[in-house]
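# Starting from these lines, generate the structure:
(one chain, ligands or ions: 1)
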Amino acid sequence: MEDASYNAESIQVLEGLQAVRKRPGMYIGSTDTRGLHHIVYEVVDNSIDEVMGGFCNHIDISINQDGSVTVVDNGRGIPTGLVPKYERPAVEMVLTVLHAGGKFDRKSYKVSGGLHGVGLSVVNALSEWLEVHVHRDNKEYFLRCERGIVTVPLREIGPAEGSGTTVTFMPDSEIFETTQFEYDTLAEKFKDLAYLNKTATITFKEVNSGKQDHFHFEGGIVEFVEDLNRNKTKLHEKPIYLTSEKDSIIVELAMQYTDGYAENIYSFVNNINTAEGGTHMVGLRSALTRAMNDYAKTNNFLKGGMESLSGDDVREGMTAILSIKIPEPQFEGQTKTKLGNSEVKGIVDSLVFEKLVEFLLENPKVASVCIERAILAAQAREAARKARDLTRRKGVLESAALPGKLADCSERDPAKSEIYIVEGNSAGGSAKMGRNREFQAILPLRGKILNVEKARLDKILKNQEVRNLITALGANIGPDCDATKARYHRVIIMTDADVDGAHIRTLLLTLFYRYMRPMIDSGFIYIAQPPLFKVSRGNKEVYVYDDAELAVIMEQMGRNVGLQRYKGLGEMNPKQLWETTMDPETRTLKRVTVEDAMKADEMFTVLMGDEVEPRREFIMSHADEVENLDI
Ligand code: 0RA
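Below is the predicted model of the structure:
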């Protein structure tokens, strides 16, 4: 008799999932932490689809003791009935057939085209094992697979109340470079999902660490904006909220002006963070500029020869969330986070324009605050342009006029050159003597540079320390910043291991984050790691870089050890500074990344903002935020 489970159909299925195991990167992007997290998002996205359809309002996620992940939802439950043509339960096909999703169209806003939306079958293929419990029609069903192959076929295991799906999977250590989940990364994503889907309550816990979170935001993206602005000074009490729909495209926008200077607009398409922007953002920017200019002109706000407000003026100080839902998104770009659908630009533009004009007319007080804010920005921009022209003419920003305090290196190839930005003149002296002058330049900074968060570009450019830095780096600042012009591909911030050192480091990072972002994006910014202690016994000396290490070393060295605590770089002589902090053979550098602009902005805001307590907390807890990198 022919084995019914081994026919042409099942061979195809096997081949499909084998392909996923063979080239996982094609389906989930990579097999590192990112890819690992992706498969969690994939499962959760399926539950979110049920939320968007209005069938589900609870999702509970846990990282279990054994390292597996469980996602529980109270949606309709994956269908269990036999699919006519195939004579197999739908749930089995959803789990074992690539792109089976199309066969059970849920008519929701799918996450296709990006790295998500590959389907549960991909998660299944990349799991050592995966189990599904479905509650449907007052029954509980169970199914188990191992590495994509059904090992326990669908069976009814008892009665059940309500409906829903529970998926538990163990990521396959044969596939993933790491199977260690980062709680905070996952939690951040689930929090975003809860903001974007206000009907959902999402809980998250990690059994081993005891960490847990509960996310539910009645206000949706309005609350998202309020949260982003919580440490800022708001110019109007409530975020402006608009929503509209056309051609099956749903557009939602929440925005609020602050007294800051940064523009913080985040966009999402079908809950995916479109960090690279795209057609929806183009449409939004066009609508904002048009609506604000229309209102300003109609109501005689523009005076003194000012002709119009630029897009930058209109967006200065704005925090906004744009969330759109579209049936067939096309994602493009380096990280597949740029929306490509050309029809979206016009739709977002016209919907936002129409609703914003309506809002401004109905809320003249808020309208006038927003317009005045943009006018101020336009005036300051004009002043900044004049100041910049002036400094340009004087040659301050030209590489010909390098600052006198800079001890440059002899190497001319930026890729081989580094610059140490050193706190204080005395440490600067040690660094100059200790360095390898062939490829290491030193720029000492005196005292604390300007508090850049509170100052505009024109004021910042007047600060001598900042000018020295900009000139030395050669990459310019603000909209003109160009990392390809940088004179060094390693810009290393070297500060004391005390509170002042932490402060000046943050000031520098703020400057880079706000005005020289391309330098961070290019991976050119680093933080030096000077030792905290020197442990000595007889003529044996060991440098120690953190407290945990100190305990171990003290234990190893035994009795009668000498312990010196380094508070400042100045306490080391040039040779020690070279050996511990500057020699590429032995030093450790931390590379500064802006993984998550949203988070970084929040950090800087708290640090530089008016409130003291969150600032103190921040300094204590975020000191190690940057990635560890051995070079
Ligand atoms: C296919 C069709 C239907 C629901 C689902 C899949 C579904 C999948 C997942 C994955 C996790 N949770 C889920 N919940 C539902 C529609 C079912 C119907 O029409 O009743």
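# Next, the closest residue in space to Gly568 that isn't next to it in sequence: phi, psi?
With sequence-adjacent residues excluded and distances taken as C-beta to C-beta, 6 or more residues apart in numbering, Gly568 is closest to Asp496, at 4.4 Å. Every C-beta, even on glycine, is put in place using the N, C-alpha and C of the backbone. For Asp496, the backbone dihedrals (degrees, to the nearest 10) come out as phi -60, psi 160.
# Asp496: how many residues sit nearby?
Here the number of neighbours of Asp496 (other C-beta atoms under 10 Å) works out to 22.
# How about Asn539?
5.
# Near the ligand, which residues of the protein are found?
46-47, 50, 73, 75-76, 78-79, 94, 104, 106, 165 (C-beta under 6 Å from any ligand atom).
# All the strands of the stretch 401-550 of the chain, residue numbers only.
418-423, 440-445, 490-494, 525-528, 533-537, 540-544 (DSSP state E, counting those that start in this stretch).
# Looking at the stretch 351-500 of the chain, which residue is nearest the ligand?
The stretch 351-500 of the chain approaches the ligand most closely through Leu351 (29.5 Å), counting by C-beta to the nearest ligand atom.
# ok, Lys234 - contacts?
By C-beta atoms under 8 Å, 6 or more residues apart in numbering, the contact set of Lys234 is 256-258.
# which one of the residues you listed is nearest Asp66?
Gln256 (44.2 Å; C-beta to C-beta).
# Low-confidence regions, the stretch 451-600 of the chain specifically.
Scanning the stretch 451-600 of the chain for pLDDT under 70 picks out 451-461, 499, 594-600.
# cool, the chain as well?
1-14, 100-117, 387-400, 425, 447-461, 499, 594-631.
# Contact partners for Gly16?
Taking C-beta under 8 Å, 6+ apart as the test, what Gly16 contacts is 97-98, 121.
# coming back round to it: okay, the strands of the stretch 401-550 of the chain in JSON lines with distance to Pro327 and mean neighbour count next?
Shown next, in JSON lines, are the strands of the stretch 401-550 of the chain (distance: least, C-beta to C-beta, whole Å; neighbours: other C-beta atoms under 10 Å):
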{"stretch": "strand 418-423", "distance to Pro327": "50", "mean neighbour count": "26"}
{"stretch": "strand 440-445", "distance to Pro327": "54", "mean neighbour count": "25"}
{"stretch": "strand 490-494", "distance to Pro327": "45", "mean neighbour count": "25"}
{"stretch": "strand 525-528", "distance to Pro327": "41", "mean neighbour count": "22"}
{"stretch": "strand 533-537", "distance to Pro327": "60", "mean neighbour count": "17"}
{"stretch": "strand 540-544", "distance to Pro327": "58", "mean neighbour count": "16"}
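# of all these, which lies closest to Ala262?
Of those, the one closest to Ala262 (C-beta to C-beta) turns out to be strand 525-528, at 18.2 Å.
# Let me see the residues that make contact with the closest one.
So strand 525-528 is contacted by 420, 490-495, 505, 509, 512, 519, 581-582, 587, 589-592, 626, 629 (C-beta under 8 Å, 6+ apart).
# Now list the buried members of the residues you listed.
In the contacts of strand 525-528, burial by neighbour count holds for 420, 490-495, 505, 509, 512, 519, 581-582, 587, 589-592, 626, counting by 16 or more other C-beta atoms under 10 Å.
# Distance of Phe512 relative to Ser522?
From Phe512 across to Ser522, the span is 11 Å (C-beta to C-beta, to the nearest Å).
# Check Asp547 too.
33 Å.
# Equivalent analysis for Asn341, please.
As judged by C-beta to C-beta, Asn341 and Ser522 stand 29 Å apart.
# which one of those two has more residues nearby?
Neighbour count, other C-beta under 10 Å: between Asn341 and Ser522, Asn341 has more, with 21 against 15.
# what's the neighbour count on Pro479?
Neighbours of Pro479 (other C-beta under 10 Å): 12.
# Which residues are in contact with it?
Pro479 makes contact with no residue, according to C-beta under 8 Å, 6+ apart.
# same thing with His489?
414-418, 522, 524.
# one more time with 7 Å
His489 makes contact with 414-415, 417, 524, according to C-beta atoms under 7 Å, 6 or more residues apart in numbering.
# Return the closest of those residues with respect to Cys145.
Phe524 (45.9 Å).
# Count the neighbours of the closest one for me.
24.
# That one touches Ile492, doesn't it?
No. With contacts counted by C-beta atoms under 7 Å, Phe524 stays clear of Ile492, the gap being 9.7 Å.
# what's the single longest helix in the chain?
Longest helix in the chain by number of residues (criterion: DSSP state H): helix 364-394.
# Give me the buried positions along the strand or helix carrying Leu154.
Element membership for Leu154, per DSSP states H and E: strand 149-159. Within strand 149-159, the residues that count as buried by 16+ other C-beta under 10 Å are 150, 154.
# Helices of the stretch 501-631 of the chain, residue ranges please.
With DSSP state H, counting those that start in this stretch as the criterion, the stretch 501-631 of the chain has helices at 517-521, 547-557, 574-577, 597-608, 612-621.
# and the angle for the second one with strand 540-544?
Inter-element angle recorded for helix 547-557 and strand 540-544: 160 degrees (by axes from the mean of the first three to the mean of the last three C-alpha atoms, to 10 degrees).
# Now do the buried residues in helix 547-557.
By 16+ other C-beta under 10 Å, the buried positions in helix 547-557 come out as 549-550, 554, 557.
# Report the two of those residues separated the most.
Using C-beta to C-beta, those span at most 12.2 Å, a distance reached by Glu549 and Met557.
# thinking again about what came up before, out of the buried residues of helix 547-557, which is nearest to the ligand?
Glu549 (45.0 Å).
# ok, so of the contacts of Lys234, who is nearest the ligand?
Gln256 (34.4 Å).
# Share the number of residues neighbouring the nearest residue to that closest one once chain neighbours are set aside, please.
Take Gln256 and drop its neighbours on the chain: the residue closest to it by C-beta to C-beta, 6+ apart is Pro239, 4.0 Å away. Using other C-beta under 10 Å, Pro239 has 23 other residues around it.
# where does Pro239 fall, phi/psi-wise?
The phi/psi pair for Pro239 (degrees, to the nearest 10) is phi -60, psi 150.
# Provide a list of residues in contact with it.
Pro239 touches 222, 225-226, 254-256, counting by C-beta under 7 Å, 6+ apart.
# how about 6 Å then?
The contact partners of Pro239, by C-beta atoms under 6 Å, 6 or more residues apart in numbering, come to 222, 225, 254-256.
# Ok, Val91 next?
Val91 neighbours (C-beta under 6 Å, 6+ apart): 78, 80.
# and after the helix or strand encompassing it, which helix or strand comes next?
Per DSSP H and E, Val91 falls inside helix 90-96. Helices and strands here follow DSSP H and E; after helix 90-96, the next one along the chain is helix 120-125.
# Who are the packing partners of that next one?
Applying 3 or more C-beta pairs under 6 Å, 6 or more residues apart in numbering; DSSP states H and E, we find helix 120-125 packed against helix 8-22, helix 33-52, helix 90-96.
# neighbours of the residue in the stretch 1-150 of the chain that the ligand sits nearest to, just the number please.
Of all residues in the stretch 1-150 of the chain, Asn46 sits closest to the ligand, at 3.3 Å by C-beta to the nearest ligand atom. Residues near Asn46, counting by other C-beta under 10 Å, number 26.
# can you count the residues close to the closest residue to it other than its chain neighbours?
Take Asn46 and drop its neighbours on the chain: the residue closest to it by C-beta to C-beta, 6+ apart is Leu120, 6.2 Å away. Neighbours of Leu120 under the rule other C-beta under 10 Å: 25.
# Please apply the same query to Val94.
Neighbours of Val94 (other C-beta under 10 Å): 22.
# Report how many residues lie close to the residue of the stretch 251-400 of the chain at minimum distance from the ligand.
Nearest residue of the stretch 251-400 of the chain to the ligand (C-beta to the nearest ligand atom) works out as Asn271 at 14.7 Å. Number of residues near Asn271 (other C-beta under 10 Å) recorded here: 23.
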